[in-house]
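1. Next come a sequence and a model predicted from it.
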Amino acid sequence: MRGFLASSIGVATAAALALPLALSTPALAAPSQGAAAPVAPAGSTQSLPLAPLGPAADRSPGVPGMSTSPRLPETRGLTPREVKRFSLVGVVWDDAGTELFGRVQVRTRAVATGTWSDWQDIETHNGEHAPDLGTRESGSGRVRGSTAPLWVGDSDGVEVRVQAQPGAPATRAGAARLPSGMRIELVDPGASGPVTVVDAKNGAGGATGTADEPEGDDKGDVVALPGMTMETAESSSANVPLAALGAKEITALDKADTTADAVADSGLTAAARPYIGPRPRIVTRLGWGADESLRESGFVYTGTVKAAFVHHSASGNNYACKDAPAVLRSLYRYHVVSSGWRDLGYNFAVDKCGTVYEGRAGGVAKAVLGAHTMGFNTDSMGVAVLGTYTSTNPPAAAVKAVAQLTAWKLGLFNRDPRAKTTLKSGGGNRFKKGTNVKLNVISGHRDGFATECPGKLLYAQLPPTRTSSAKLQGRP
């Protein structure tokens, strides 16, 4: 394993806890129609504890979203309240090894209209998107149990209810069925500058970011451009020479140039590695506005890339393509600040319009160890299509982008997208640790773990995706 892990493992969370404004009246005050509160450029996280909720008969009538039906004996949540602005929600709890058996629902108030949404369900089974058991990341002491995150858009009010599943096993002393330490995480993605086009082969560009003091990867000392923090430079330099330091995107290349670049970097002849798909355009972490001070400094690499696992983010489809960078900043913050991971779990993300984004830092062409498919993060890559595709068809542009990305990245490691490969399980609910498992080179998350991910309808697109990816590589 080409393992490299920086010695500095502290995560600067920069999360802002905000006390809610408890209202004594049945209805919440309407948001001001005057000047809106500015969005914090660096983003923020409000983490609010969930309290026991009594029977509906004891609740004040007329409060938005309050049900008049009796609640289950064990229900925790928040009554409706005004909070600082946020766009993504999720629930976390103390022990990552404890599963939440129950239903999590939220209602939110839109900043633009002042209206409350209907109750929305949050996917509770999210533990399979996580670092492998026994790794330094999973054993850091910071990892928490968590639901999937849900994108709700610009909001300033929230109500939450978590109901234990009838007959669920007790999770702790006193026959409690819900995990201890449950909190609602309200994530504000903050603002980010627009993505600009930078010539990946010949161009140069400047950038700004926020970070502290990192350690470089195995390429030597990191040198930052003027106005660029060292952690931003560390992340950006991992993509050199594919893109200049400070590039906000890596431009697309045709197949001939992609192959020539790969051969030049590896020292092989063109005949030795011909099956590499054209490199797609990739928005870098700087391009989507990652706050590099949140993640652990340094990178962790695995030996190779033998398989690509396709996911859906399960964060809902209520986003516009222009909002995808904000969705990604929110997911990143939720993974690091709320869930306790070292960085964003996925190696890549794809939005509904087919734009590809760099995920976990370390270099898009390298074998970066992610936290996306528990038990099979080693020697694999994780690609998340932003959205939920259990009952909604994935957009054709997104499916096409997955084929293009896998044709390129798997081609760099001489993998045929139509083939099978063998990975050793690191432990999970489907395969015991140490089991050698034969999988498709392009697999769905559910192939390695008992889960709904990547959703029934996205999973159904994987067979044609394998064919398209191999065709882009030029395979017969």
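-> It's in. Residues are numbered from 1 along each chain as shown.

2. Would you mind measuring from D257 to V263?
-> For D257, the distance to V263 (C-beta to C-beta, to the nearest Å) stands at 11 Å. Yep, even glycine has a C-beta here, placed from its N, CA and C like the rest.

3. The two: who's more crowded?
-> Neighbour totals were compared for D257 and V263, and V263 leads with 17 against 13 (other C-beta atoms under 10 Å).

4. Which helix or strand contains the more buried one?
-> Assigned by DSSP states H and E, V263 belongs to helix 255-266.

5. Return that helix as PDB; C-alpha atoms alone will do.
-> The C-alpha coordinates for helix 255-266 follow below in PDB (Å, rounded to 0.1, in the frame of the first residue of the first chain):
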ATOM      1  CA  LYS A 255      -8.600  10.500 -26.200                       C
ATOM      2  CA  ALA A 256      -5.300  11.000 -28.000                       C
ATOM      3  CA  ASP A 257      -4.100  13.800 -25.700                       C
ATOM      4  CA  THR A 258      -5.300  11.900 -22.600                       C
ATOM      5  CA  THR A 259      -3.400   8.800 -23.600                       C
ATOM      6  CA  ALA A 260      -0.300  10.700 -24.500                       C
ATOM      7  CA  ASP A 261      -0.300  12.500 -21.100                       C
ATOM      8  CA  ALA A 262      -0.800   9.200 -19.300                       C
ATOM      9  CA  VAL A 263       1.900   7.500 -21.200                       C
ATOM     10  CA  ALA A 264       4.300  10.400 -20.600                       C
ATOM     11  CA  ASP A 265       3.600  10.400 -16.800                       C
ATOM     12  CA  SER A 266       4.000   6.600 -16.500                       C
END
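
6. Check which helices and strands that helix sits against.
-> When contacts are defined as 3 or more C-beta pairs under 8 Å, 6 or more residues apart in numbering; DSSP states H and E, helix 255-266 packs onto helix 396-412.

7. redo that, cut-off 7 Å
-> If you count contacts as 3 or more C-beta pairs under 7 Å, 6 or more residues apart in numbering; DSSP states H and E, helix 255-266 packs onto no helix or strand.

8. From the chain's centroid, how far away is that helix?
-> Centroid separation between helix 255-266 and its chain, computed with C-alpha atoms, centre = their mean, to the nearest Å, is 30 Å.

9. Could you do stretch 278-293 as well?
-> 13 Å.

10. Render the CA-only coordinates of that stretch in CSV, please.
-> C-alpha atoms of stretch 278-293 as CSV (Å, rounded to 0.1, in the frame of the first residue of the first chain):
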residue,chain,number,x,y,z
PRO,A,278,-11.0,10.9,-22.8
ARG,A,279,-10.5,12.9,-19.7
PRO,A,280,-13.7,14.7,-18.7
ARG,A,281,-13.8,18.3,-17.4
ILE,A,282,-13.5,18.2,-13.6
VAL,A,283,-14.3,21.1,-11.3
THR,A,284,-11.6,21.1,-8.6
ARG,A,285,-12.1,21.5,-4.9
LEU,A,286,-11.0,25.1,-5.3
GLY,A,287,-13.6,25.5,-8.0
TRP,A,288,-16.5,24.3,-5.8
GLY,A,289,-15.3,26.3,-2.9
ALA,A,290,-14.0,23.7,-0.4
ASP,A,291,-12.8,25.2,2.9
GLU,A,292,-9.5,23.3,3.1
SER,A,293,-9.2,24.2,6.8
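
11. how about low-confidence regions in the protein?
-> The chain contains residues with pLDDT under 70 at 1-41, 54-73, 126-130, 168, 170-175, 193-222, 224, 266-273.

12. got the residue ranges for the helices in it?
-> For the chain, helices defined by DSSP state H occupy the ranges 230-237, 255-266, 285-288, 324-333, 396-412, 456-459, 462-473.

13. Which neighbouring elements make contact with the fourth one?
-> Yep, that's helix 324-333 we're talking about. Packing partners of helix 324-333 (3+ C-beta pairs under 7 Å, 6+ apart): strand 75-93, helix 285-288.

14. Surely W119 and R103 touch.
-> No - at 9.8 Å, W119 does not count as touching R103 under the criterion of C-beta atoms under 7 Å.

15. Number of residues surrounding H125?
-> As a burial measure, H125 scores 18 neighbours (other C-beta under 10 Å).

16. quick revisit: just send the helices and strands packed on helix 324-333 back as JSON lines, with distance to T124 and mean neighbour count too.
-> Formatted as JSON lines, those follow (distance: least, C-beta to C-beta, whole Å; neighbours: other C-beta atoms under 10 Å):
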{"stretch": "strand 75-93", "distance to T124": "8", "mean neighbour count": "22"}
{"stretch": "helix 285-288", "distance to T124": "27", "mean neighbour count": "27"}
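
17. most centrally placed residue in this protein?
-> L331 (4.5 Å; C-alpha atoms, centre = their mean).
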